[in-house]
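Asks: Give me the fold of what follows.
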Amino acid sequence: MAQLIRPTLRLMQAGFVLAREGVFGLVNLPDLPAGPRLAIRLARLLERRSVKDKSARLRLSDAMNRLGPSYVKLGQFLATRADVVGKEAAAELAHLQDRLPAFPQEEARAQIAEQLMRPIDEIYVEFGEPVAAASMAQVHPALVRQPDGSVCKMAVKVLRPDVARRFNNDLQSFYLVARLAERFVPAARRLRPLAVVDTLARSVALEMDFRLEAAALSEMAENTAEDPGFRVPAVDWMRSAKGVLTMEWIDGRKLSDVAGITEDGMDLEALGANVIQSFLRHTLRDGFFHADMHQGNLFVQPDGTLVAVDFGITGRLGRSERRFLAEILYGFITRDYRRVAEVHFEAGYVPADQDVDVFAQAIRAIGEPIHGHDASEISMARLLTQLFEITELFQMRTQPQLIMLQKTMVVVEGVARTLNPRLDMWRTAEPVVSHWIAGNLGPVGRLRDLGTGLTALGRIATDLPIFADRIGRLSQEMERMAQKGFRFDAETADAIGRSEARHNRSGRVALWIIAIALAALALKAWA
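Replies: Okay, the predicted model is just below:
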């Protein structure tokens, strides 16, 4: 019972904060059934008077930051799931500002000493006050003595104390909502809310382990070692652990400081092109990209080198997804809409029972309007967004990796256009896309694929005796089941019965608690 009451109480608190900050006022009431419409109207009675002057983005940002790190991450995660929250809500959540007050210096020092298992004075020559604070961590400047006796400046990222415990507590509330939605809202089942919460849990668990961020920095450094005009900070592995990440301090201007970059005499057009081409190079060539490339995570050094930081969120694309991306971009550039349609079918994204010619016609409706216009007026990210909207009509299943790519491309293109408002996305992207297609889909690429296929066949031939043994055992088991039927023991049957009874009881209790909570909020509002 306690496992049910605590999450419900946390949900009530969250609902109160969302109501006070005017978040429910962003919901389009005519689209809702009568019951939820009445509940939202009651909740809006709790709104602060001042929220009427706030934009939707500010309302969401204030509410999520008041609720804490878990809700900030939930908002940022849902920004990538327009299929769950709707396109308008996802667009607003994409601008959610991740800013929380810094925690005390003493707590940071204690956290570092505990993680690295020695006094902080033995680790750093000097450890400064925080210069940036977000939902998961904050960053401090520090001085480190090198083996040759010199001192260099480093950036130390420290995990917030108790953030893991707080997130796990809030996670129980998210799971409660997901279970209730799947059980009592049939329309929500196709969105698989429990799977959404599972994905969020895994994502944040990875983000809270700074060893994985250090590994991402290391992998990106290897991938981009020969890339002109791009790099990432070096990691100090000896001063890093699960909750602490020490890395090279970057001296440079954030890309949000366009005026300062202009004063420095930087070539803004070249810098904007570098942002786009670097992202596409990482995505197509390496299949590994920075998935949070907003202006605050990008610096430009005095020599014009672009430096990316904060690799807590990254994305990966397999070879098939990279081919998909390259071919659809190249297909739009060359107006080969039939090929764009065929790629969707070859990748298995669109069901085979759909008509490829009709699908190509729908894609033409997206591609043709971009031709005959100034390229600076055409958004590649917008085109991909329209493409994914069209594919919904043809029953294309949600592809999480492509949604992450789409969200990142929107951000990257926005950053590039702040530097060069008349950026020609197509001309900028064409060299990277063409080079990848020539190397991977041309004769050289086909020979490489042939070699990979022969290697795979060799492995299969080697494993044939194992497959034969498994098939023989499977055949015997199926024959036994055909004769005696499928059976399970009494203990399994009892477990199934207990589980079903527990779910029924928990569902009824949760509904009563939520009903009482809503009634209490309504009475409080009318009092």
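Asks: And the helices in the stretch 51-200 of the chain, which stretches?
Replies: 56-67, 69-78, 82-85, 87-93, 105-116, 120-123, 163-184, 193-207 (DSSP state H, counting those that start in this stretch).
Asks: again, but for the stretch 201-350 of the chain
Replies: Under DSSP H, counting those that start in this stretch, the stretch 201-350 of the chain gives helices at 210-223, 258-263, 268-281, 319-334, 337-346.
Asks: can you tell me which residues contact residue 308?
Replies: Shown in contact with residue 308 (Cβ atoms under 8 Å, 6 or more residues apart in numbering): 220, 230, 232, 290, 293, 297, 298. For glycine as for every other residue, the C-beta is placed from the backbone atoms N, C-alpha and C.
Asks: do that again at 7 Å, thanks
Replies: 232, 290, 293, 297, 298 (Cβ atoms under 7 Å, 6 or more residues apart in numbering).
Asks: How about residue 20?
Replies: Counting by Cβ under 7 Å, 6+ apart, residue 20 has contacts 46, 47, 48.
Asks: Neighbours of the last one, how many?
Replies: Using other Cβ atoms under 10 Å as the criterion, residue 48 is surrounded by 13 other residues.
Asks: Please flag which of the contacts of residue 20 sit within helices.
Replies: In helices, judged by DSSP state H, none of these are found.
Asks: Kindly reformat the residues you listed as JSON lines containing distance to residue 202 and pLDDT.
Replies: Listed next are the contacts of residue 20 as JSON lines, based on distance: Cβ to Cβ, whole Å; pLDDT from 0 to 100:
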{"residue": "46", "distance to residue 202": "34", "pLDDT": "80"}
{"residue": "47", "distance to residue 202": "35", "pLDDT": "83"}
{"residue": "48", "distance to residue 202": "36", "pLDDT": "81"}
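Asks: Could you tell me which of the contacts of residue 308 belong to strands?
Replies: Residues of the contacts of residue 308 located in strands (DSSP state E): 290, 298.
Asks: Considering the contacts of residue 308, which possesses the most neighbours?
Replies: Among the contacts of residue 308, residue 290 has more neighbours than the rest - 27 neighbours, counting by other Cβ under 10 Å.
Asks: who are the neighbours in contact with it?
Replies: Residue 290 neighbours (Cβ under 7 Å, 6+ apart): 308, 311, 314.
Asks: Next: residue 141.
Replies: 128, 131, 153, 155, 249.
Asks: coming back round to it: between the helices of the stretch 51-200 of the chain, which one is nearest to residue 41?
Replies: helix 56-67 (17.2 Å; Cβ to Cβ).
Asks: Residue 253 versus residue 263, what's the distance?
Replies: Distance from residue 263 to residue 253, counting by Cβ to Cβ, to the nearest Å: 9 Å.
Asks: More neighbours: which of the two?
Replies: Higher neighbour count among residue 263 and residue 253: residue 253, with 18 against 10, using other Cβ under 10 Å.
Asks: any idea how far residue 261 is from that one?
Replies: In terms of Cβ to Cβ, residue 253 sits 5 Å off from residue 261.
Asks: likewise residue 301?
Replies: Distance from residue 301 to residue 261, counting by Cβ to Cβ: 11 Å.
Asks: Compare these two and say which one has the larger neighbour count.
Replies: residue 261 (20 against 14).
Asks: Residue 4 - how many residues pack around it?
Replies: 16.
Asks: Of all the residues in the helix or strand hosting it, which ones are buried?
Replies: Assigned by DSSP states H and E, residue 4 belongs to helix 2-20. For helix 2-20, the neighbour count (16 or more other Cβ atoms under 10 Å) marks 4, 7, 8, 10, 11, 12, 14, 15, 17, 18, 19, 20 as buried.
Asks: Kindly report the same for stretch 61-74.
Replies: Using 16+ other Cβ under 10 Å as the test for burial, stretch 61-74 gives 61-65, 67-74.
Asks: Considering these, which member attains the minimum pLDDT?
Replies: Lowest pLDDT of these: residue 61, 76.
Asks: before we move on, the earlier item: quick one, which of the helices of the stretch 51-200 of the chain gets closest to residue 35.
Replies: helix 163-184 (11.4 Å).
Asks: Which elements pack onto that closest one?
Replies: Under the contact criterion of 3 or more Cβ pairs under 7 Å, 6 or more residues apart in numbering; DSSP states H and E, helix 163-184 touches helix 2-20, helix 69-78, helix 193-207, helix 490-526.
Asks: any low-confidence regions in the stretch 301-450 of the chain?
Replies: 370-382, 392, 397-401, 441-450 (pLDDT under 70).
Asks: Now do the strands in it.
Replies: Assigned by DSSP state E, counting those that start in this stretch, the stretch 301-450 of the chain shows strands spanning 306-308, 314-316.
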